[in-house]
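Colleague: here is a sequence with its predicted model. Questions after.
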Amino acid sequence: MVRRGEAALTSVFADTYERRQLVDFTVPLFVDESAVIYKRPELEPDIFGFVKPFTGLIWLLIFASSAAASLIFFILYLVPFSASEGTGLGDASSRRVRPQTSGWSKVITSLEKSVGWSLYCLLGQSVLWFPTRMTLRIALGVWLLITFIIGTVYRSTVKAMLILPLVRLPFDSIDQLVESKIDLVVFQGTALYKEISNSANGTKIGRLKPQLRSLADEQTLLDQVSSGKIAYGGIKIPLLHLMRYQRSLTGKCQSYMMTERLFKSHPIGLAITKGSPLKKKVDKIIRRLRESGILEQMLKFELKEISQCLSPISATISSDDIRQLSLKDFYGVFALYGAGLILATWVFVFEILLKMLKEEKR
């Protein structure tokens, strides 16, 4: 419109070399950045939350340690020691040493007790028998201390996660945005769209080209961003105004802004018809507003309502926002418990069948 002479000046635009060939720009109102906004994640039930306190590697090390402890107990039980140490494992109720067994019966008994001690300590369950050998007592005592520390850390971490849930962002950097495969919508005529389109494929910004989409329908932009269908990129301050508008509709922050910026140091000014005498007058006004701090104060006043939306999401969770536990939070634990019952039932049936077969042979 400015180029055709239908308007004397426009609203704010990024001052680029291509645009300067068509129109004049005032002195910059401010220097802005290119950013990306996306749907703000919500606190939702996590079926596998009970395994989240530890990473996969830690769980693997715990199970490996339990297996190693069982093997050590098994070896210590089978290896003969002096008579003064006792013969193995006794009954906790009678405190009498069980009769010695031989052959496979002794091996099975030793394996059962060794695995039992390892798992019972790990799960915090009581044991109906105790070791009588000093070497076994020392080994079991060390394992008991280790499992106590593991259990304490696990319980405290789960409790902390329930009190202040950890919200994972879909992406918070350019690399994560690329990995997410989420479509990035940008106005086609903007400097940001051209920069991404013209970047080499191997560069950090160029990797976004497969996800880059031009904005087809401005009317549905807000709904698409709020529903998480697209990520929207552009100049930071217009994006902040969009976030402010979203918040005014629902009273809550609907979007978050990616921490890493796509581009920095974009001079933002008003576009004026080339050679227009208005440029000097508008430049003078902008300089006075900028030097007096009025321009900056106006911007802060406009955007103060969304300061909470720009804070880290975990920092914005108050005691009123903490989600109450629902039945879905226990689905994972119930599923694990059900699987254990099914396995125990199969073992029980197998033992009955095995006993029946032995009786038939007799």
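Modeller: Received it, and whenever you're ready, just let me know what you need.
Colleague: sketch out the low-pLDDT regions of the chain for me.
Modeller: Along the chain, segments meeting pLDDT under 70 span 1-8, 43-47, 80-103, 160-167, 216-218, 312-326, 328-329, 362.
Colleague: domain boundaries for it, per the record?
Modeller: The record's domain parsing of the chain by automatic domain parsing lists 9-46+167-316, 53-165.
Colleague: dump the ones you listed into a markdown table; add distance to W346 and mean neighbour count as well.
Modeller: C-betas here are computed from N, CA, C, even on glycine. Listed next are the domains of the chain as a markdown table, based on distance: least, Cβ to Cβ, whole Å; neighbours: other Cβ atoms under 10 Å:
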| stretch | distance to W346 | mean neighbour count |
| --- | --- | --- |
| domain 9-46+167-316 | 29 | 16 |
| domain 53-165 | 18 | 14 |
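Colleague: do you know which of those domains lies nearest G332?
Modeller: Closest to G332 of the domains of the chain is domain 9-46+167-316 (Cβ to Cβ; 8.0 Å).
Colleague: in the protein, which spans are strands?
Modeller: Secondary structure of the chain by DSSP state E: the strands cover 9-14, 24-25, 30-39, 89-91, 129-131, 184-186, 212-214, 231-235, 255-257, 263-272.
Colleague: tell me how far the closest residue to D172 other than its chain neighbours lies from E33.
Modeller: Distances taken as Cβ to Cβ, 6 or more residues apart in numbering place T259 nearest to D172, at 5.1 Å, with adjacent residues excluded. Separation of T259 from E33 (Cβ to Cβ, to the nearest Å): 11 Å.
Colleague: cool, F148 as well?
Modeller: For F148 relative to E33 (Cβ to Cβ), the value is 51 Å.
Colleague: and the helices in the stretch 51-200 of the chain?
Modeller: Using DSSP state H, counting those that start in this stretch, the helices of the stretch 51-200 of the chain run over residues 56-78, 104-123, 134-163, 174-180, 191-198.
Colleague: thought the residue nearest to D172 was touching Q176?
Modeller: No: contact between T259 and Q176 fails when scored by Cβ atoms under 8 Å: they sit 10.1 Å apart.
Colleague: residue nearest the centroid of this protein?
Modeller: R168 (2.9 Å; Cα atoms, centre = their mean).
Colleague: excluding covalently adjacent residues, which one is nearest to it?
Modeller: Nearest non-adjacent residue to R168, counting by Cβ to Cβ, 6+ apart: P41, 6.9 Å away.
Colleague: wait, the one you found touches C253, no?
Modeller: No: here P41 does not reach C253: they are 10.9 Å apart, not a contact under Cβ under 8 Å.
Colleague: that older thread, CSV for the helices of the stretch 51-200 of the chain, including distance to F330?
Modeller: CSV is the format used below for these (distance: least, Cβ to Cβ, whole Å):
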stretch, distance to F330
helix 56-78, 20
helix 104-123, 18
helix 134-163, 12
helix 174-180, 30
helix 191-198, 45
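Colleague: which of those sits closest to E305?
Modeller: Across the helices of the stretch 51-200 of the chain, E305 has its closest neighbour in helix 191-198 (25.4 Å, Cβ to Cβ).
Colleague: what angle sits between that closest one and strand 30-39?
Modeller: 70 degrees (axes from the mean of the first three to the mean of the last three Cα atoms, to 10 degrees).
Colleague: report all helices and strands that helix 191-198 contacts.
Modeller: strand 184-186, strand 212-214, strand 231-235, strand 263-272 (3 or more Cβ pairs under 8 Å, 6 or more residues apart in numbering; DSSP states H and E).
Colleague: thank you kindly, that will do.
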